[in-house]
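[1] show me the folded form of this:
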Amino acid sequence: MKNFETLSEREVLGLAISLEEEDERVYADFSEGLRQDYPATASVLDAMRAEESGHRRRLIELYRQKFGEHIPLIRRQDVRGFVQRKAVWLVHPLRLEEVRKQASAIEVETRRFYERAASRAQDASIRQLLDDLAQEERSHEYRAQELAEEKLRADVREDEEKARRRLFVLQVIQPGLAGLMDGSVSTLAPVFAAALATKNTWDAFLVGMAASLGAGISMGFAEALSDDGSLTGRGHPWARGLIEGAMTTLGGIGHTLPFLIPNFRLALTIAVIVVLAELGTITWVRHRYMETPALAAAMQVILGGALVFITGILIGSS
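    Sure, this is the predicted structure:
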C-alpha cells in the first residue's frame, strides 16, 4: 500500500476517478436491492448515483487535459488511510437503515479525501476541481435529504414503513414466534410428566433442559435448511434458523428453570405461572404482529397449551 502523501497529482486524480466509479456502482447496487420494497428510496439513490457519475466525468475531462488518455489503476485498497467497507450491498435482502448509514459514511470519507487532496495540489485547475468536489460532497448528504423530502411524500413514507414492518415480521417475528410456540408448548408434556412421575425437581429439570435444547437444535436446523429467502423475502436462512432455534430453547427453558428449586410444590407452582406468562406472551405477539384478533389468538394458544399440559399430567400421573 502507498502512503497518500507520496501520490503525485496524476495518481491523485486516478484515485479520485476510481473512487467515484466505485461509489457510483455501490449506489446502483443499493438502488437495485431496495427498488422492490422501497421504490422511493431507490429513486433517491439513483439521483446520488447520477451525481457521482457527473463527478467522475469532470475528473476524467481534467485528467485528459493534464495527463493524456491513460488513467492509472489506483484503488482505495492500494492507499493507506481508507476505511475497509463492509460489502452490505452484496447481502440480500438489503436493510434500509444499513444502506443509509453506509451511504452517509461514503460521503464523509470521499469529502475528506477531496479536502486532503486539494490541500496538496500545486496545479491551480486541479486544486479548484478538488475543492469544488469537496464542497459538493459536503452538500451531497443535504442534497440527499432534499431529495428524500421531495420524493418521499407522507403517503410514500407510510408505504415504505409498511414494507419495512412486513419484512421485519417475515424475517424476525415469524421464525421467533414459531420457535417460542414450539418451545413453550411442545416441552410442556415431557417436563410436567417427568415432574409428576418422579416428584424429583432435578429429574424434571434435566428432562426439561434436554427437551428444550433438543427442540431448539431441531427447529433451528429445520428453518435454516428451508427456503433461502430469495423468492419469499424471508431473509437469510441461517439467520432465521438462529432466531427460531434460540426462541425454541428459550420457550422450553422458561418453565424448566423453576425446577432448580428443591421444594417440589413451590417449583411446580412457579413453573405453572411461567407457562401462563409464556402463553400470554405468545398471544400478545400473535395479536400485535400477526394481526390475529386477541380473542382468537388467546383461544388458539390456550387450547393448544392446555391439551399438551393435560397430556403431560395424565402421563406423569399414570
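
[2] any idea how far residue 314 is from residue 307?
    11 Å (Cβ to Cβ, to the nearest Å). For the C-beta atoms, the positions are set from N, CA and C on the backbone; glycine is no exception.

[3] buried residues, the helix or strand harbouring residue 279. List them.
    Using DSSP states H and E, residue 279 sits in helix 264-289. For helix 264-289, the neighbour count (16 or more other Cβ atoms under 10 Å) marks 264, 267-268, 270-271, 274-275, 278-279, 281-283, 285-287, 289 as buried.

[4] is it correct that residue 73 falls within a helix?
    No: counting by DSSP: H, G, I helix; E, B strand; the rest coil, residue 73 falls outside a helix, being coil.

[5] these two touch, right, it and residue 18?
    Yes: assessed by Cβ atoms under 8 Å, residue 73 is found in contact with residue 18 at 7.2 Å.

[6] what's the nearest residue to residue 200 if we skip its chain neighbours?
    residue 264 (7.6 Å; Cβ to Cβ, 6 or more residues apart in numbering).

[7] ok, then the element right after the helix holding residue 279?
    Sequence-wise, the next helix or strand downstream of helix 264-289 (DSSP H and E) is helix 294-317.

[8] buried stuff in that following helix?
    Using 16+ other Cβ under 10 Å as the test for burial, helix 294-317 gives 297-298, 301-302, 304-305, 308-309, 312-313, 316.

[9] I'd like the distance from the host helix or strand of residue 44 to the chain centre, please.
    Assigned by DSSP H and E, residue 44 falls within helix 39-67. Centroid separation for helix 39-67 versus its chain: 29 Å, with Cα atoms, centre = their mean, to the nearest Å.

[10] determine how far whatever helix or strand comes next after that helix lies from the middle of the whole chain.
    For helix 39-67, the following helix or strand on the C-terminal side (DSSP H and E) is helix 96-120. Counting by Cα atoms, centre = their mean, helix 96-120 is centred 22 Å from the centre of its parent chain.

[11] how about stretch 10-19?
    Remark: stretch 10-19 is offset 33 Å from the chain centroid, using Cα atoms, centre = their mean.

[12] likewise for stretch 120-128?
    43 Å.

[13] so which elements touch the strand or helix carrying residue 253?
    Residue 253 belongs to helix 237-254 when assigned by DSSP H and E. Helices and strands touching helix 237-254, by 3 or more Cβ pairs under 8 Å, 6 or more residues apart in numbering; DSSP states H and E, are helix 174-186, helix 201-224, helix 264-289.

[14] between the ones you listed, which one is closest to residue 251.
    Smallest distance to residue 251 across the helices and strands packed on helix 237-254 (Cβ to Cβ): 2.6 Å, for helix 174-186.

[15] output the contacting helices and strands for that closest one.
    Here helix 174-186 touches helix 201-224, helix 237-254, helix 264-289, helix 294-317, going by 3+ Cβ pairs under 8 Å, 6+ apart.
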